[in-house]
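Peer 1: No sequence on hand, only this structure:
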Ligand SMILES: [Zn+2]
């Protein structure tokens, strides 16, 4: 067993992490009651493989990286599936005398006991290697590749296929149908679909009928990938199984239904928001995965840096006014709101939220899920909240005049209101609110800051290589850089020189599923509504332009921030052009 102090010493000595970062990580580990390793890895303060490699050398076990290992099925099956899952052990190689086993927890004596017993039974010697849990998970995917599982489930299913079609034609009562969906194969298919979505860090699952088959797509880092094709004849049963889990009506196929499923997956409680819509003669299912146990990331983790991060921190010291985040659906607005809430969540302030859906749980914050169908809307919720003596209110979205009016009223009466708005850029928020009948003079005195953001995919750090600037993008890139103050470029991009700009991309490797990307990053623009701008907003019929904004502050727009982040090697130029339109 490697002592924590020993590990810390070695990490610093080998320059794998700075003293400052390690102290910070230790603090967080104590605070969250997690292990130091967990914090280091989950906060990406260190490459997991490097950490495990170092740990291995300290404990005298050999280290191995299983990411590029092609493990053959026979070797893999030396350790039965359940044992592997239980003890996080993988047999990655075997010959007549020895089996080589990768272990995540070599200190787990129960695991060693069980594996030694297994090896003895087969009259083999066992050699242990230390592997990272990422390595383990990767190898396990090979173990029980999704298709293999589904194929076997489908084979079992074939036997009662006839019965199912008959049942469908007769349109039997829901009681009988429930019996059918309880049958193991469909249950298994649905749980495989769900578990793989969670393992693959998908945000949504789409189950949609096509002409001849049913397609299962996962949204990962914002992009839909087709992962699985199922025979069309089980679509009905799969949808029915999900309806049962979500407590929805089985026999209702004509109107949309929505529900929630809570499941325990890999020891994490995960919520699924289920939405079912009727198509011509069938139904489509979309499940949003809400891992409520994971905390919101910090502003730095999201990608707020330099002036943008500073403005937010300054703004959050204010005790009243409106903080707005704009962007299209899926631009990460609510994640940013939660990072900010975490920043200001302390005893002595009463924070209340109205959300749809609740995506993160924050201890100490009064979070409430709106239910428009029951008349509990953002507007009616706000009205109620104002009677609950809140200091800070988070309103999921300003969608209508009434919510806008109530939000402004709350801000005027000494509350801090955080909310989001559906506009393409930060400057668009003001005319949008005016369209919602908000009075200009009220906006002028309440809005503190407007932030716009998009999410781009982060380049996989494991396979990042240099990339050329495509000719077609060249003009836009140089124009954008020309508009950006040189001191900003020099501050944010190491060794910036306009004649030697360098972009990057991910080549694709096993760790990123050959996509070249892992995780996401926000690109942002922020308008600090200072006194000069307030005066301009106050003037009747005067549109506020970007020139107005730029005259009062160093404003970097989405494209500029994106190009800077591409030049920093965090994302690709393609991603920036994909998400920043126009
Ligand atoms: Zn990669």
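Peer 2: Arrived safely. Just so it is clear, the model here is predicted, and its values are computed rather than measured.
Peer 1: Per-residue pLDDT of residue 162, please?
Peer 2: pLDDT, residue 162: 38.
Peer 1: Oops, could you answer that again for residue 442 instead?
Peer 2: 90.
Peer 1: Would you mind measuring from the residue in the chain sticking out farthest from the centre to the ion?
Peer 2: Distance from the C-alpha centroid of the chain peaks at residue 123, with 45.9 Å (Cα atoms, centre = their mean). According to Cβ to the ion, to the nearest Å, residue 123 and the ion sit 40 Å apart. (Glycine included, C-beta is placed from N, CA and C.)
Peer 1: Tell me where the stretch 201-350 of the chain has helices.
Peer 2: 235-246, 299-302, 306-315, 333-344 (DSSP state H, counting those that start in this stretch).
Peer 1: What lies in contact with the third one?
Peer 2: Among residues not part of helix 306-315, those counted as contacts by Cβ atoms under 8 Å, 6 or more residues apart in numbering are 299-300, 304, 323, 340, 343, 448-449, 451, 488, 491-492, 524-526, 528, 554, 556, 561.
Peer 1: buried stuff in it?
Peer 2: Using 16 or more other Cβ atoms under 10 Å as the test for burial, helix 306-315 gives 307-309, 311-312, 315.
Peer 1: Then the second one?
Peer 2: Within helix 299-302, the residues that qualify as buried are 299, 302, counting by 16+ other Cβ under 10 Å.
Peer 1: Going by contacts, tell me the helices and strands next to it.
Peer 2: If you count contacts as 3 or more Cβ pairs under 8 Å, 6 or more residues apart in numbering; DSSP states H and E, helix 299-302 packs onto helix 306-315, helix 333-344.
Peer 1: The last one packs against which elements?
Peer 2: If contacts are counted by 3+ Cβ pairs under 8 Å, 6+ apart, helix 333-344 sits against helix 299-302, strand 321-326, strand 351-355, strand 392-395, strand 416-421, strand 447-459.
Peer 1: quick one: the fourth one to chain centroid distance?
Peer 2: Which is strand 392-395. Taking Cα atoms, centre = their mean, to the nearest Å, the mean C-alpha location of strand 392-395 is offset from the chain mean by 22 Å.
Peer 1: tell me the average confidence for that strand?
Peer 2: On average, strand 392-395 scores 94.
Peer 1: same deal with the last one?
Peer 2: When pLDDT is averaged over strand 447-459, the result is 96.
Peer 1: doesn't residue 390 make contact with residue 382?
Peer 2: No. If you go by Cβ atoms under 8 Å, residue 382 and residue 390 don't touch, sitting 10.0 Å apart.
Peer 1: how much space between residue 453 and residue 308?
Peer 2: From residue 453 across to residue 308, the span is 9 Å (Cβ to Cβ, to the nearest Å).
Peer 1: Then residue 231?
Peer 2: Counting by Cβ to Cβ, the gap from residue 231 to residue 308 is 50 Å.
Peer 1: and residue 74, how far is that from the ion?
Peer 2: Residue 74 is 29 Å from the ion, by Cβ to the ion.
Peer 1: again with residue 470
Peer 2: Distance from residue 470 to the ion, by Cβ to the ion: 21 Å.
Peer 1: Next, that residue: phi, psi?
Peer 2: phi -60, psi 140 (degrees, to the nearest 10).
Peer 1: ok, and the closest non-adjacent residue to it?
Peer 2: Nearest residue to residue 470, sequence neighbours excluded (Cβ to Cβ, 6 or more residues apart in numbering): residue 573, at 7.4 Å.
Peer 1: Roughly how far does that neighbour sit from residue 128?
Peer 2: 45 Å.
Peer 1: More neighbours: these two, which one.
Peer 2: residue 573 (21 against 17; other Cβ atoms under 10 Å).
Peer 1: who's in contact with the more buried one?
Peer 2: 467, 469-470, 473, 477, 503, 563, 566.
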